[in-house]
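Engineer: got a structure for you, letters missing:
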Ligand SMILES: Nc1ncnc2c1ncn2[C@@H]1O[C@H](COP(=O)(O)OP(=O)(O)OP(=O)(O)O)[C@@H](O)[C@H]1O
Ligand SMILES: C=C(C)CCOP(=O)(O)O
């Protein structure tokens, strides 16, 4: 009796395994607040939003769907979410006020208690308002992706799905979020998440950025091959390109570069509200993705005009050890 050698069997099915592995390749795209809104005018959409949505749609119908790739979209809060979050100091929640005020209490305890309640109420109102504004933006994005793009997009609301502890996603929440997203991907949907105001065990509430969600999904979903941050500048420059004519685009960065001396953020010059740390924080999250998620080949920071290429190019062909040359003079690529 001849036994079929297991290896032969496996090799027979190799194309099948390869094809199915390719089916799994996932790209996470973040539509940054600066790309979808006008950050200098509160509650205003960017005039380029439709082009951006059309680009994502094209990539999905022409590249992702036919090749069986998966797409996850996250959007930022831009000029809808950041201004109320900043005004009402939602990021540090209301429970932290108790500690601060308590420490410095010099007036009568009744006055103090009343003032404290008023301040806490203000933060709570700010959180509710931030959510309302974020949901308004979310609806704009969702509607465009479905009506213009015909994408099977389903929202995953961070506020309803997760909770944080001192600003960091709890383990149970992360499990819930990842399971939800994975389920939707398996069913053939495009999950749409967004930077949100969420409940926090220690602080009452906080702001959870889309970049932090990107990091969580990239580290926990082994099928993720690339993360693309789309914003309103071509990538990370030596200085803010909006304010320094001699700013130079940094085309390649490595995640082990601790404090890249080439990069200076000048957020104070921006005059826009941003409670989640703007470009400096994006660089940190991108670095963390590359050091924590070994299945991710690279992270790209780009603007809408080059995002199609960034989303679609060579995703399936990349293996972790390949030295794929994705150098492009129009974006920043972050490598391991
Ligand atoms: N050195 C720098 N290189 C590139 N951009 C910089 C730099 N310093 C500051 N910036 C500013 O960072 C902005 C992009 O960061 P921002 O956080 O607004 O991105 P986003 O992801 O689009 O927005 P959001 O966080 O609302 O989702 C650019 O508009 C740019 O003006
Ligand atoms: C300000 C809020 C509500 C979320 C911030 O998310 P981001 O725009 O992705 O940083």
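Structural biologist: Great, that's in hand. Quick caveat, the model's predicted, so the values are computed rather than measured. Ligands and ions are numbered 1, 2, ... in the order given.
Engineer: going forward, measure contacts between C-alpha atoms and count neighbours the same way
Structural biologist: Will do.
Engineer: for the longest helix anywhere in the chain, packing partners?
Structural biologist: In the chain, taking DSSP state H as the definition, the longest helix is helix 109-147. Here helix 109-147 touches helix 49-58, helix 78-87, helix 95-103, strand 153-155, strand 196-200, going by 3 or more CA pairs under 8 Å, 6 or more residues apart in numbering; DSSP states H and E.
Engineer: could you look up the SS state of residue 228?
Structural biologist: Three-state call for residue 228 (DSSP: H, G, I helix; E, B strand; the rest coil): strand.
Engineer: tell me what it is bridged to.
Structural biologist: residue 29, residue 300 (DSSP bridges).
Engineer: compute the number of surrounding residues for it.
Structural biologist: 25 (other CA atoms under 10 Å).
Engineer: so where's the stretch 151-300 of the chain shaky on pLDDT?
Structural biologist: By pLDDT under 70, the low-scoring segments of the stretch 151-300 of the chain are 258-271.
Engineer: quick one: the helices in it?
Structural biologist: 158-161, 171-186, 210-220, 267-270, 278-292 (DSSP state H, counting those that start in this stretch).
Engineer: circling back to that earlier point, mind telling me which of the helices and strands packed on helix 109-147 the model trusts least?
Structural biologist: Sorting the helices and strands packed on helix 109-147 by mean pLDDT places helix 95-103 lowest, at a mean of 67.
Engineer: picking up where we left off before, relative to helix 49-58, how tilted is the longest helix of the chain?
Structural biologist: 60 degrees (axes from the mean of the first three to the mean of the last three CA atoms, to 10 degrees).
Engineer: right, is helix 109-147 up against ligand 1?
Structural biologist: No: figure legend: helix 109-147 not in contact with ligand 1 (CA under 6 Å from any ligand atom); closest approach 10.9 Å.
Engineer: quick check: buried residues in that helix?
Structural biologist: Within helix 109-147, the residues that count as buried by 16 or more other CA atoms under 10 Å are 112-113, 116, 119-120, 122-124, 126-135, 137-138, 141-142, 144-145.
Engineer: so which of the residues you listed reach ligand 2?
Structural biologist: Okay, of these touching ligand 2 (CA under 6 Å from any ligand atom), that's residue 130.
Engineer: so which of the helices of the stretch 151-300 of the chain is nearest ligand 2?
Structural biologist: Comparison of these against ligand 2 by CA to the nearest ligand atom identifies helix 210-220 as nearest, at 3.5 Å.
Engineer: against which helices or strands is that closest one packed?
Structural biologist: So helix 210-220, by 3+ CA pairs under 8 Å, 6+ apart, packs with strand 26-31, strand 70-75, helix 171-186, strand 224-231, helix 278-292.
Engineer: quick check: next helix or strand after the first one?
Structural biologist: Sequence-wise, the next helix or strand downstream of strand 26-31 (DSSP states H and E) is helix 33-36.
Engineer: counting by contacts, list what that following helix packs against.
Structural biologist: By 3+ CA pairs under 8 Å, 6+ apart, helix 33-36 packs against helix 49-58, helix 78-87, strand 224-231.
Engineer: what comes up buried for the first one?
Structural biologist: Right, helix 49-58. Buried residues in helix 49-58 (16+ other CA under 10 Å): 49, 50, 52, 53, 54, 55, 56, 57.
Engineer: got it, and the second one?
Structural biologist: The neighbour-count criterion (16+ other CA under 10 Å) identifies 78, 79, 80, 81, 82, 83, 84, 85, 86 as the buried residues of helix 78-87.
Engineer: and the stretch 151-300 of the chain, which residues reach ligand 2?
Structural biologist: 195, 196, 197, 207, 208, 209, 210, 211, 276.
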